[in-house]
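> below: sequence and its predicted model.
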Amino acid sequence: MNTPEEKLAELGLELPALRPAHGGYVACVRTGNLLFTAGQGVDQYHGKLGRDLTVEEGYLAAQQSMLNLLSVVKNELGELSKVKQFVKVLGMVNSTEEFTDQPKVMNGASDLLLKVFGEKGKHGRSAVGMAQLPNNTAIEIELILEVEE
């Protein structure tokens, strides 16, 4: 059985370096067997879905945001195989008022979790449109996950 890190490599993906916090917060907080992450945007995709970016670009932005989050998780746990279950994904999509394909954009993050973690990657999810996100990032995602004791 391949580790999540090996599965990422098979997909031709790698975890990026941790992004620095821009304020008085931490990247994640563990309480008991739950890990709550701060939101992670992306440095590669900026602008609004429905005006500046396509659904396909949004999908890639969501995938990159999830990779950023997995870097945070790995930094906290040491290895991704310590994830027991992804519980909740909140995806905030920087989008125009007319744009209604936020779920299609968020599939970039959800599909990645399923490919890398299988059953453990199944999760509840919200995909919402936002009038603006920090630094005009295309997307910001938060996670709640259960870790092995």
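Yes, it's here.
> what's across from N94 in the sheet?
Applying DSSP bridges to N94 gives these bridge partners: M130.
> that one against P134, yeah?
No: with contact defined as CB atoms under 8 Å, N94 does not reach P134; the gap is 9.5 Å. C-beta: built from backbone N, CA, C; applies to glycine.
> and the two? which has more neighbours close in?
Shown here are N94 and P134; by other CB atoms under 10 Å, N94 has more neighbours (30 against 11).
> mind checking how far the more buried one is from Q64?
14 Å (CB to CB, to the nearest Å).
> and for A138?
In this structure, A138 and Q64 are 9 Å apart, going by CB to CB.
> and if you look at T137?
Using CB to CB, we find T137 at a distance of 10 Å from Q64.
> the two: which has the busier surroundings?
Q64 (24 against 21).
> surely the more buried one and Q44 touch.
Yes: counting by CB under 8 Å, Q64 touches Q44, with 5.8 Å between them.
> now the helix or strand F117 falls within: mean pLDDT?
Element membership for F117 (DSSP states H and E) is helix 102-117. Mean pLDDT, helix 102-117: 98.
> can you tell me what sits against that helix?
The contact list for helix 102-117, computed with CB atoms under 8 Å, 6 or more residues apart in numbering, reads 4, 7-8, 11, 13, 49, 55, 58-63, 65-67, 70, 80, 83, 86, 89, 91, 93, 95, 121-123, 125, 127-129, 139, 141.
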